[in-house]
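# Here is a sequence with its predicted model. Questions after.
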Amino acid sequence: MNGFDPARLDEVLRDFAADKANFHSLLVERRGVMVAEAYKRGRDHAPWSPFRRDVAFDADTRHDMRSVSRTVTGLLWGIAQGQGLLPGLDTPVAGLYPELRKLAQRRRGLITIRHLLTMTCGLSWNEMHASSALNDELRLHWRAPAPYLFFHRLASPPGMRFNYNAGCTAVLGQLLARHTGVTLPEFARTQLFEPMGITDWVWDKDLRGRPLAFSGLHMRPSDLARLGRMVLRQGQWQGRAIVPADWLAQATRAHIDTGDGRQYGYHWWLGKVEALGGKHPWHAAFGNGGQRLYLVPSLDLVVVMTAGDYNKAEIGQQCSQLLKRVAGAILD
């Protein structure tokens with residue numbers, strides 16, 4: 001089974017089917033071959049709705065990817081930068097917005113595009129109160145991204161501390177649309193999805209009709225796995241360069257510690273998993289509720305998970321354990 005122990009992988013899949021955690025799918029692809037693809041019924045709900053519905057997930061069901069959208073926005077930024085359409089990464093962000101130019105001579109004027117990509121802008125931001133009015137991410141659904149982000153107080157010098165921040169991605173998405181001349185979904189369609197044969201997706205908008213760069217993407221898990229394989233191939237898909245390889249090399253290396261044993265790149269999480277008697281680095285896209293795209297280059301491994309345990313800390317640990325069990329089933 002492409003380097004897997006069939007009995008151990010079958011055990012993982014049986015336990016996945018019986019798991020009481022609200023997982024919806026598990027896809028395992030190695031060396032370019034889909035080794036396992038499992039779906040099951042589970043509960044799901046939209047970010048703005050408290051009402052859960054029961055869904056029979058299958059290969060044709062689009063899933064809410066939540067903050068996996070941020071990583072995809074980062075890929076789009078890399079594509080546009082490779083085309084020479086965007087400002088350099090060390091460009092101060094406040095100088096790109098007339099309404100923020102008063103900040104350019106203050107410390108907030110030191111925040112650059114690179115700080116947005118690494119979530120190190122230093123501005124106070126709270127996404128921890130997931131379902132309350134104190135959640136800055138929820139407020140972004142009806143606020144103008146750049147003013148809302150930049151009028152938060154500066155809690156630490158830019159570049160010094162990681163703080164997960166939807167506002168960073170919202171501003172990147174807005175700048176990308178401004179400099180490319182098309183909307184974020186349109187740029188995604190023409191420059192990323194269609195060239196890879198990905199057609200079944202939607203990108204939600206906020207209450208003002210603006211695409212939600214930080215949480216709006218819905219797509220099939222198999223298409224997310226396809227994106228992962230493209231990244232493992234250094235941005236190539238069927239002989240075509242999709243994302244510049246030098247961008248991916250920079251985006252998937254550690255730029256800052258997250259404070260929980262992991263690191264962060266340009267909208268990619270980084271960590272390690274045990275397999276074949278050693279620890280193997282991974283980089284991943286994370287989304288609230290248990291959405292995961294794990295890439296393990298040294299194992300030539302892509303693992304996709306979707307779930308519906310939104311705003312629950314335990315699902316993160318369960319995803320990590322599931323990745324560990326999948327990697328542990330590899331024989332060579």
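Thanks, I have it. Residues are numbered from 1 along each chain as shown.

# Quick check: beta-bridge partners of the nearest residue to residue 34 once chain neighbours are set aside?
Distances taken as Cβ to Cβ, 6 or more residues apart in numbering place residue 27 nearest to residue 34, at 6.8 Å, with adjacent residues excluded. The C-beta positions use only the backbone N, C-alpha and C, and glycine is treated the same way. Counting by DSSP bridges, residue 27 is bridged to residue 37, residue 304.

# gap between residue 27 and residue 231?
15 Å (Cβ to Cβ, to the nearest Å).

# And for residue 16?
Counting by Cβ to Cβ - residue 16 and residue 231 are separated by 24 Å.

# Looking at those two, which is more packed in?
residue 231 (25 against 19; other Cβ atoms under 10 Å).

# how about the residue nearest in space to the middle of the chain, what does it touch?
Closest residue to the average C-alpha location of the chain: residue 68 at 2.7 Å, with Cα atoms, centre = their mean. Counting by Cβ atoms under 8 Å, 6 or more residues apart in numbering, residue 68 touches 217, 224, 285-287, 291-293.

# neighbouring contacts of the host helix or strand of residue 316?
Using DSSP states H and E, the element containing residue 316 is helix 314-328. Helix 314-328 is contacted from outside by 8-9, 12, 15-16, 19, 21-23, 26, 28, 273-275, 280, 282, 286, 289-290, 292, 294, 296, 299, 301, 303, 305, 307, 309, using Cβ under 8 Å, 6+ apart.

# If you count neighbours, what's buried in it?
Buried positions in helix 314-328, judged by neighbour count with 16 or more other Cβ atoms under 10 Å: 315-316, 318-319, 322-323, 325-327.

# One more: stretch 14-24?
16, 21-24.

# Please name whichever of these scores lowest on pLDDT.
The lowest pLDDT within these belongs to residue 21, with 89.

# now that one, what's its secondary structure?
Of the three states, residue 21 takes coil under DSSP: H, G, I helix; E, B strand; the rest coil.

# Restrict the helix or strand where residue 137 lies to CA atoms and write it as CSV.
If you go by DSSP H and E, residue 137 is part of helix 136-139. The C-alpha coordinates for helix 136-139 follow below in CSV (Å, rounded to 0.1, in the frame of the first residue of the first chain):
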residue,chain,number,x,y,z
ASP,A,136,-12.1,40.5,16.7
GLU,A,137,-12.5,37.9,13.9
LEU,A,138,-16.3,38.1,14.1
ARG,A,139,-16.2,41.9,14.0
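
# quick one: the worst-scoring helix or strand of the chain on mean pLDDT to chain centroid distance?
Every helix and strand of the chain was ranked by mean pLDDT, DSSP states H and E. The lowest is helix 136-139, at a mean of 90. The chain centre lies 18 Å from the centre of helix 136-139; the measure is Cα atoms, centre = their mean, to the nearest Å.

# Now do it: everything it contacts.
By Cβ under 8 Å, 6+ apart, helix 136-139 touches 47, 125-127, 133, 148, 152, 165-167, 214-215.

# now, the most widely separated pair of these?
47 and 152 (21.2 Å; Cβ to Cβ).

# Show the contacting residues for residue 255.
Each residue near residue 255 by Cβ under 8 Å, 6+ apart is listed here: 118, 120, 263-266.

# make it 7 Å
Taking Cβ atoms under 7 Å, 6 or more residues apart in numbering as the criterion, residue 255 is in contact with 118, 264-265.

# How about residue 280?
272-273, 296, 298-299.

# who does it bridge with?
Bridge pairing for residue 280 - DSSP bridges - gives residue 273.

# And the pLDDT at it?
pLDDT at residue 280 comes out at 98.

# Could you measure from it over to residue 303?
In terms of Cβ to Cβ, residue 280 sits 12 Å off from residue 303.

# same deal with residue 332?
18 Å.

# so the residue nearest to residue 34 touches residue 223, yeah?
No. The criterion here is Cβ atoms under 7 Å, and residue 27 misses it with residue 223 at 10.3 Å.

# Good, we can wrap up now.
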